[in-house]
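*Asks:* what follows is a protein structure lacking sequence information:
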């Protein structure tokens, strides 16, 4: 294909498809925009969990069995923290610490998160552009019956047990798109925007909450397609289905499509949900049913190729529908 591709993604699920896209596209033709609503400062260190998951996955360093962090990790630092009676609810591996320490050092020296991410990605041999959604702090807050919880407190410390009543993004109104995101959205050769199979509420919504992003997506002449993170009414990874249920939404591909109303031209779904394709078409979306579960590297590359082919096959009429929504 000719032209540039933007991929929006969060952590584990999104990183898999991002890795597939990086395999099938020339590095200069791909910009991966990563959610930073999960970022937080812990033990004095700036942690960017989704960025690190994407970087480690593309570099072939991630722990595939655990789904996060580095393969062959050791945990002596955490054991020492516990011995000292310090906070130990958020796991930081011995090797992984280097990423957080160097990011924190560079940020304190005046570099932006975009600059730091580019430098650390390059140091691990990556060529595809990986950029945060914003260099400004945006923090995902989950409203629960027990009160507001910062994302990592909800997700890691509380293991998503509290009943969610809503989600907001502190700082979003004052944030600006990162230079990488802004430049990619403004490219004259933009061929497609791919929303990876990440949690719509917790991973993609923070990106869309950055002022100007939704308007830019509505205006682009390139097709925009998402890959559903919900298969057969269940989330492949994380709390998406639980969160949807608690917010009064029936988990399913139709709910994903409805959530992205006005953003998408097409939705990629698993064959298990193929019978929902007519419903999606009734919502003005094109649909592709395929094997959407990625187990191997070949699965990632295959799905990436199918998603790109599907996006490029969409006619201009679907984009006119999106702009009118």
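*Replies:* Arrived safely, thanks for sending. Bear in mind the structure is a predicted one, so any value in this text is a computation, not a measurement.

*Asks:* strands of the stretch 201-325 of the chain, residue ranges please.
*Replies:* For the stretch 201-325 of the chain, applying DSSP state E, counting those that start in this stretch gives strands covering 224-227, 230-231, 234-235, 266-270, 286-290.

*Asks:* comparing these, which yields the minimum mean pLDDT?
*Replies:* Ranked by mean pLDDT, the strands of the stretch 201-325 of the chain bottom out at strand 234-235, with a mean of 81.

*Asks:* helices or strands up against it?
*Replies:* Strand 234-235 is packed against helix 240-246, with contacts defined by 3 or more C-beta pairs under 8 Å, 6 or more residues apart in numbering; DSSP states H and E. Glycine gets a C-beta too; all of them are placed from N, C-alpha and C.

*Asks:* identify each buried residue in the helix it packs on, please.
*Replies:* Neighbour-count burial for helix 240-246, counted by 16 or more other C-beta atoms under 10 Å, picks out 240, 241, 242, 243, 244, 245, 246.

*Asks:* now do it, average pLDDT.
*Replies:* The pLDDT scores in helix 240-246 average 90.

*Asks:* who's in contact with it?
*Replies:* Outside helix 240-246, the residues within contact range by C-beta atoms under 8 Å, 6 or more residues apart in numbering are 160, 163-165, 167, 199-202, 229-230, 233-235, 250-251, 255.

*Asks:* and with 10 Å instead?
*Replies:* For helix 240-246, the external contacting residues (C-beta atoms under 10 Å, 6 or more residues apart in numbering) are 13, 142, 144-145, 154, 160-167, 197-203, 228-235, 239, 249-252, 255-256, 259.

*Asks:* what residues of the helix ranked longest in the chain count as buried?
*Replies:* Ranked by residue count, the top helix of the chain under DSSP state H comes out as helix 297-313. For helix 297-313, the neighbour count (16+ other C-beta under 10 Å) marks 299-308, 310-312 as buried.

*Asks:* can you lay out those as CSV showing pLDDT and distance to residue 220?
*Replies:* Formatted as CSV, those follow (pLDDT from 0 to 100; distance: C-beta to C-beta, whole Å):
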residue, pLDDT, distance to residue 220
299, 96, 28
300, 97, 25
301, 97, 25
302, 97, 26
303, 97, 23
304, 97, 20
305, 97, 22
306, 97, 21
307, 97, 17
308, 97, 16
310, 96, 17
311, 96, 12
312, 93, 14
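
*Asks:* next one: stretch 279-288 to chain centre, how far?
*Replies:* Relative to its chain's centre, stretch 279-288 lies at 23 Å (C-alpha atoms, centre = their mean, to the nearest Å).
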